[in-house]
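*Asks:* sequence-free structure coming up:
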């Protein structure tokens, strides 16, 4: 049995159209599926990703109209990161977003990658991170994660030159998303918050079989007593798309996460197929964890459990994929419902507002809930 990498992340959105405008119109992700929350079919579930929405590229949203903002905290996600090829692409993103009046922080040198940070319309912390130089830059590849690595002094807050960092900008306006900026590689990593990293390690290493690839500090709070930052990967090379990271926060000083718009509902790790998923379920149940039955999500099958702090973690299959109910050329074009909800299509559609895909990404696709 093996966890293959990241599968998707699912967040709350207070306004589906605004979310489509941002993730497709601004970030250039493809809108690959418009459907409903299978557990609450009166509300949208939207999927974004690469051309086919393959696992590892999928960013999904439950729409909770008018929902109050959530907040990061123990048992929740701090941010998720998308992958860009290199520093030039990163600076081009900074220029594009800044010119759209989106506040951008960085680029910061995180030793293992460089990155920028900004917020989506619901306040979700989004990072764009470069592919390299990778986790073997400061310790041998065969010994990743075995010892604490002190961050370079000029990489941490209080030591780095913030004014110079913020002044760094691509010199020319970026009117479109270039090949070097494309986010089609999908997620780089997901970062959550733990009250006890050793206990979190027991879950990811002891149960799920991930490899710890780095023990370092939170570069933005390196002097705090709870400043540890650990990284795990599903692969030995710790490549982007295989990474889950946790910051450790003292539960006496930090509140728990609050669900709401802009906060993660769950994130999913990928497993090969149904047989693997059932084997994982048996293992987790034997370990004393609460695990859901297998759930048919049409585009994959899912089981749900939680990390030691209560963050929902899903194990999702690779198949059947998003083309199971519409051609790749028409992904996201119309409202898709599972077979058991089809008899209620008229009622469900009547309760949903129409969505318009930004022109640059709508390419011959109709805008309809029919």
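*Replies:* Structure received. Everything numeric in this text was worked out from a predicted model, so none of it was measured. Numbering: from 1, shown residues only.

*Asks:* helix or strand for residue 35, which one?
*Replies:* Secondary structure from DSSP states H and E places residue 35 in strand 30-37.

*Asks:* name the helices or strands packed onto that strand?
*Replies:* Here strand 30-37 touches strand 40-49, going by 3 or more CB pairs under 8 Å, 6 or more residues apart in numbering; DSSP states H and E. Yep, even glycine has a C-beta here, placed from its N, CA and C like the rest.

*Asks:* what pairs with the next helix or strand after the strand it packs on, parallel or antiparallel?
*Replies:* Using DSSP H and E, the helix or strand that follows strand 40-49 in sequence is strand 58-63. Next to strand 58-63 in the sheet, as set by DSSP bridges, lie strand 5-13 (parallel), strand 40-49 (antiparallel).

*Asks:* what's the most buried one of the ones you listed?
*Replies:* Comparing the strands paired with strand 58-63 by mean neighbour count (mean count of other CB atoms under 10 Å), strand 5-13 ranks first with a mean of 24.

*Asks:* one step back: the strand holding residue 35 vs strand 5-13, what angle?
*Replies:* 70 degrees (axes from the mean of the first three to the mean of the last three CA atoms, to 10 degrees).

*Asks:* the strands paired with strand 58-63: which one's closest to residue 332?
*Replies:* Closest to residue 332 of these is strand 40-49 (CB to CB; 7.7 Å).

*Asks:* what are the contacting residues of the closest one?
*Replies:* Identification of contacts with strand 40-49 by CB atoms under 8 Å, 6 or more residues apart in numbering yields 8, 13, 16, 19-20, 23-24, 29-38, 53, 57-65, 186, 299, 322, 332, 337, 341, 344, 348, 351-352, 355.

*Asks:* any of the residues you listed buried? List them.
*Replies:* For the contacts of strand 40-49, a burial check counting by 16 or more other CB atoms under 10 Å picks out 8, 13, 16, 19-20, 23-24, 29-37, 53, 57-64, 186, 299, 322, 332, 337, 341, 348, 352, 355.

*Asks:* residue 246 - that's part of a strand, no?
*Replies:* Yes - counting by DSSP: H, G, I helix; E, B strand; the rest coil, residue 246 is located in a strand.

*Asks:* what residues are up against it?
*Replies:* Contacts of residue 246 (CB under 8 Å, 6+ apart): 191, 192, 193, 194, 197, 200, 229, 230.

*Asks:* using JSON lines, lay out the residues you listed together with distance to residue 282, pLDDT and secondary structure.
*Replies:* Below are the contacts of residue 246 laid out as JSON lines (distance: CB to CB, whole Å; pLDDT from 0 to 100; DSSP: H, G, I helix; E, B strand; the rest coil):
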{"residue": "191", "distance to residue 282": "29", "pLDDT": "98", "secondary structure": "strand"}
{"residue": "192", "distance to residue 282": "25", "pLDDT": "98", "secondary structure": "strand"}
{"residue": "193", "distance to residue 282": "29", "pLDDT": "97", "secondary structure": "strand"}
{"residue": "194", "distance to residue 282": "26", "pLDDT": "97", "secondary structure": "strand"}
{"residue": "197", "distance to residue 282": "27", "pLDDT": "97", "secondary structure": "helix"}
{"residue": "200", "distance to residue 282": "22", "pLDDT": "98", "secondary structure": "helix"}
{"residue": "229", "distance to residue 282": "32", "pLDDT": "97", "secondary structure": "strand"}
{"residue": "230", "distance to residue 282": "27", "pLDDT": "98", "secondary structure": "strand"}
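
*Asks:* and of these, the nearest to residue 270?
*Replies:* residue 192 (17.2 Å).

*Asks:* burial count for residue 314?
*Replies:* 22 (other CB atoms under 10 Å).

*Asks:* ignoring the adjacent residues along the chain, who's closest to it?
*Replies:* Nearest residue to residue 314, sequence neighbours excluded (CB to CB, 6 or more residues apart in numbering): residue 268, at 3.8 Å.
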